[in-house]
Every structure is written in C-alpha cells, then in structure tokens.
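Trainee: Need the 3D shape of this:
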Amino acid sequence: MKRQLTHRKATANTLALYVALAATCSATALAIVGFALATFDGVMGLVALLGALLVALLRCDAILRRASRIDGKRLDAGSYPALHRLVEKACLRTGTQAVDAIVLVPDFGVAVIQVPRLFARSRRSLAIGIELMQSVDTRTFAIAIQHALVSSHGKMGTLNWLGRQRNALSLIEQSLAHMGPDALVCRPLLTHALASHVAQTTILLRELTLGVDRQLSRGSSTRRIARAIAHLSTQERLLADFFWANYKARANTEAHPAYLPYTGIRVAVDVSTPIERQRALARALADQPNEASPIPTLRERIDGLGERPSHESTEKEHTPAAVRLLREHYAAIVTAFNRNWLTDNLTSWAEQHQLHKVTVKPPLSRQPQPQSAVAPRKSKQTAHDLRMATHSVNEFYVRSNNLHQSGAASEALAEAERWASAVISSNAAVALAH
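Mentor: Residues are numbered from 1 along each chain as shown. Down below sits the predicted model:
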C-alpha cells in the first residue's frame, strides 16, 4: 500500500496537479510558442508568445467548463419547489453555501460537484441519484443531502476541501477524452498522477466521512444519524445485490427487457419485506474493512458514532422522497430515465442474450473415469460440508423470521447477521465444491 499523505502534503499535491494540468493541457499553445520563437523576434515574437498564453488559458478553461457539466436532468425551482425548499433548509441547517443547480442522475447517492474555473465563478451543483430518491423517505434523504453539503464545505487544506478537489480532478480527467486531440496529450500524465494521489489520500477521505458523521450527530440525534446511515446502506445493498443482479441476469433469457429498470426499482422498493431489508442490512454489516477504499464500511461508521446497528421501524410505511418531492413530474422523469437507459444498454443486452444462447449447450455424455480411493472420501466430505452449510442457513432463516414476527427486533437483527455469515460460508463451500 502506498504511503499516505498528510494534510499539508495532500494540499500541495492537489495544487501541483492543477498546475500540471494548466501547463500541459494545450498542445496547440505549445506549438504556437515553438513557432513564434523560431520565426519571430522583437515585438512580433512577444505578441505571438502572449497569443499562445491566451490560447492555453482558453483551452484550460474550456476543459474546466466541460468537466463541470453533469449529464442528467436539471430540476429548476419553478417546477420542483418542494425539493429546492428541502435543499435550502439543509444548507441553512449545516451553515454551507447554497447550491446553484440541482441535477438528477441515474445513480444511488448524492454529491456536491464544484469544479474551479478561470474566467467565471465556479458553480456548486448538487447531483442526486434517482435510485436514492426512489428508495428512502424524505427524512433520510434530507440527512443524505446534509452529509454531501458538509463533506464539500471547507477552506483550502481542510479534509472537506481535499475531498471536493479530488472529485473535481477526477471529472477533469474524464472530460479530457471529449476535448480534442490536444487535450489528450496531458491525459496520460494526469491519469497517472491522479491515481497516485487517490491512493495516497484514501485514509484522509475515510477520516472525512467519519468526521462528517460525527458533525451531523452533534446538530441532531446521534441515534437518528446512525439509523439514517444504516437505512441508506440497506437500500443500496438491496438494489445492488438483489434488484440489479437479478435484472441484468434476465438478459440471458429475454431478448428484450420485459420491464425497464427505474420502473422496476420503484416496484422492488414498494414490495420489499421487512425480512428482506433486515437481511440486506445484515449483509452490509458483514462487509470487512478495506483500507484501499475511501468509504468506511457501515460497521465502522456505526461504531464511530458509538451506536448499535439498527434500522427504521419496519412497521411504519414510508413514502419515497421521489414521490413527495418530484410529485406530478415523477412518472415523466421515470419514463425519461428508462428511455435513456434503454438507448445506452439495449445493444449490450442483446449481445449478452446472444452470447448466452451460443454458450449454453446441452450436456454431453461422458465416459466414467477411473478415480482414486481418495476421490470418494473427498466427494463425501464436500457433500457433507454443503449439507451442513445449507442446514445452517435455513436454521438462521427460520429463527430470524420467528423473532421478527414476535416483535424482538434486536434479536432478529442479530440472527440476520448470523444468517449473512452463514450465507458467506455457504458460498465458500459451493466455490470449493467446484
């Protein structure tokens, strides 16, 4: 693992990346400088040199302007007043700068995007994932927005500033592919330097997340923040492990999707049972700490707040934030996102379906092969391990259901965590069997 940077060194490294970008972003400007020095002298050479500098600055600003664009649906205050009021209230509550735009994107999460500019004021845009809005209630959604606002608010040298600039540099690196051949000159350099910077600031970003959790808990209830974090992780895991995994697998049997994903997400969230949500939470709590990830695990975040893992009451029904805040526009937005998804993914869906038809063949008859005396014993042991793992999973499943129905929420969650551990052990046994 690479040596981690301190606050001061990470700040200097960030500024150096911007200087390197400004110095190498325009091959056109460098060509003009070389031509001017070789051809002109005196006043004409100075004019050509200043012209080259202006071209470099304009190209650099064009790259920054392109990086600040967010591909998604912009939600204006006139059509979505409830959403803008909630965001304004979150800014006031956290003491952060107001955002200039709210953009809905096809993702699960929320983040403040702020890319510096040369000839204009940098704009603060709030990118909100439609999957998040469809999955959680308004109170949890408001806490997610507050977390994003605080994470991006800070002066130069603070953890918040470093996190904001790291996101901006990543967007700049991605935008270079769309800025013509001259911008491609600096992309390999920036990509390599950025990858090293990201690896060396991972621990700082983990500290940022845990610090923002504690900061929000001081202005609210620690238990409320912990429950919101757990609820967000539960819904994200529910969509990632169950909905998206199953939806993408449908391409093996369907030449064309029978239903589109953002409609499916709404249905999946509505029909998910308390037991399914509890098991998704147990899976999230079973994640092992990863020092290479800038985001702490759910268990680390809950422990950092000094709380026990729990989730919002399963007896109380919550209206998704998308329904309350997007209101009459919700159906049209889902239709538009479905249409965009189909445009981007229909080709890969058809390729996966065709590939599955080609690779799936009827089993061939095999001649029995001679086996050693050790093989039968190994086969019996593997079968025994699989039976024991399956039996353990089923036992935890039944006990978790019974405890949940009897109202013992804490005991049911503990049993669900043991169920998740048994599932992982069962998967390992299956992998060994193959």
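Trainee: Report the buried residues of stretch 279-299.
Mentor: 279-287, 294, 296-299 (16 or more other CB atoms under 10 Å). Backbone N, C-alpha and C define where each C-beta goes, glycine included.
Trainee: ends of that stretch, how far apart?
Mentor: End-to-end distance of stretch 279-299 (CA to CA, to the nearest Å): 15 Å.
Trainee: How about stretch 236-256?
Mentor: For stretch 236-256, the first and last residues are 26 Å from each other (CA to CA).
Trainee: What is the nearest of the buried residues of stretch 279-299 to residue 110?
Mentor: residue 294 (16.0 Å; CB to CB).
Trainee: Now do the SS call for the closest one.
Mentor: coil (DSSP: H, G, I helix; E, B strand; the rest coil).
Trainee: quick revisit: list just the nearest of the buried residues of stretch 279-299 to residue 176.
Mentor: Closest approach to residue 176 among the buried residues of stretch 279-299 (CB to CB): residue 294, at 22.3 Å.
Trainee: what residues are up against the closest residue in space to that closest one that isn't next to it in sequence?
Mentor: Spatially, and ignoring its direct neighbours in sequence, residue 294 is nearest to residue 205 (3.6 Å; CB to CB, 6 or more residues apart in numbering). With contact set as CB atoms under 8 Å, 6 or more residues apart in numbering, residue 205 has these partners: 159, 162-163, 166, 294-295.
Trainee: got the residues you listed as TSV, with pLDDT columns?
Mentor: Below are those laid out as TSV (pLDDT from 0 to 100):
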residue	pLDDT
159	83
162	83
163	85
166	84
294	83
295	87
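Trainee: May I ask which two of these are separated the most?
Mentor: Checking those with CB to CB, the most distant pair is 162 and 295, at 14.9 Å.
Trainee: how about the helices in the stretch 1-150 of the chain?
Mentor: Counting by DSSP state H, counting those that start in this stretch, the stretch 1-150 of the chain has helices at residues 7-24, 27-39, 42-67, 81-94, 130-135, 138-151.
Trainee: wait, which of the ones you listed is closest to residue 104?
Mentor: helix 130-135 (5.5 Å).
Trainee: Closest to residue 305 out of the contacts of residue 205?
Mentor: The closest of those, once distances to residue 305 are taken by CB to CB, is residue 295, at 15.5 Å.
Trainee: Who's the closest spatial neighbour of that closest one, skipping the chain neighbours?
Mentor: Excluding its sequence neighbours, the residue lying closest to residue 295 (CB to CB, 6+ apart) is residue 209, at 6.1 Å.
Trainee: name the element that neighbour belongs to?
Mentor: helix 202-219 (DSSP states H and E).
Trainee: quick one on the thing from earlier: show the pLDDT at the residue nearest to residue 294.
Mentor: Here, the pLDDT recorded for residue 205 equals 85.
Trainee: do the same with residue 236
Mentor: For residue 236, pLDDT reads 90.
Trainee: burial count for residue 78?
Mentor: 7 (other CB atoms under 10 Å).
Trainee: same question, residue 245
Mentor: As a burial measure, residue 245 scores 10 neighbours (other CB under 10 Å).
Trainee: And for residue 154?
Mentor: Residues lying near residue 154 (other CB under 10 Å) number 16.
Trainee: For the closest residue to it other than its chain neighbours, what are phi and psi?
Mentor: Among residues not flanking residue 154 along the chain, residue 160 sits closest, at 2.8 Å (CB to CB, 6+ apart). The phi/psi pair for residue 160 (degrees, to the nearest 10) reads phi -60, psi -40.
Trainee: Hmm, residue 160 is touching residue 147, no?
Mentor: No: look at residue 160 against residue 147 with CB atoms under 8 Å: they stay out of range, at 11.5 Å.
Trainee: and those two? which has more neighbours close in?
Mentor: Just comparing residue 160 and residue 147: by other CB under 10 Å the higher neighbour count belongs to residue 147, 23 against 20.
Trainee: Let's test this: mean pLDDT of the helix or strand hosting residue 193, rounded?
Mentor: Using DSSP H and E, residue 193 sits in helix 187-200. The pLDDT scores in helix 187-200 average 78.
Trainee: just the CA coordinates of that helix, formatted as CSV?
Mentor: This file holds the C-alpha atoms of helix 187-200, laid out as CSV (Å, rounded to 0.1, in the frame of the first residue of the first chain):
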residue,chain,number,x,y,z
ARG,A,187,-4.5,12.9,-20.1
PRO,A,188,-1.9,10.1,-19.6
LEU,A,189,0.1,12.3,-17.3
LEU,A,190,-2.9,13.5,-15.3
THR,A,191,-4.3,10.0,-15.1
HIS,A,192,-1.1,8.5,-13.6
ALA,A,193,-0.6,11.4,-11.2
LEU,A,194,-4.3,11.4,-10.1
ALA,A,195,-4.2,7.6,-9.5
SER,A,196,-1.2,8.0,-7.2
HIS,A,197,-2.9,11.0,-5.5
VAL,A,198,-6.1,9.0,-4.9
ALA,A,199,-4.2,6.0,-3.4
GLN,A,200,-2.2,8.3,-1.1
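Trainee: chain center to that helix, what's the gap?
Mentor: Chain-centre distance of helix 187-200: 20 Å, with CA atoms, centre = their mean, to the nearest Å.
Trainee: Which positions within it qualify as buried?
Mentor: Neighbour-count burial for helix 187-200, counted by 16+ other CB under 10 Å, picks out 187, 190, 193-194, 197, 200.
Trainee: angle of the helix holding residue 209 against helix 187-200?
Mentor: Put simply, helix 202-219 runs at 60 degrees to helix 187-200, going by axes from the mean of the first three to the mean of the last three CA atoms, to 10 degrees.
Trainee: which is the next helix or strand following helix 202-219?
Mentor: Following helix 202-219 in sequence, per DSSP H and E, is helix 222-237.
Trainee: Could you list every helix and strand in contact with that next one?
Mentor: Other helices and strands packing on helix 222-237, by 3 or more CB pairs under 8 Å, 6 or more residues apart in numbering; DSSP states H and E, are helix 130-135, helix 138-151, helix 202-219, helix 274-285, helix 298-304.
Trainee: pLDDT score assigned to the nearest residue to residue 229 once chain neighbours are set aside?
Mentor: Closest residue to residue 229 apart from its sequence neighbours, by CB to CB, 6+ apart: residue 301 at 5.5 Å. According to the prediction, residue 301 has pLDDT 90.
Trainee: Thought residue 211 was touching residue 301, still the case?
Mentor: No: contact status for residue 301 versus residue 211: not in contact, 11.0 Å apart, counting by CB under 8 Å.
Trainee: about what we covered before: what residues sit buried inside the helix holding residue 209?
Mentor: For helix 202-219, the neighbour count (16+ other CB under 10 Å) marks 202, 204-206, 208-213, 216-217 as buried.
Trainee: Equivalent analysis for stretch 79-98, please.
Mentor: Quick answer for stretch 79-98 (16+ other CB under 10 Å): 80, 83-84, 86-87, 90-91, 93-94, 96.
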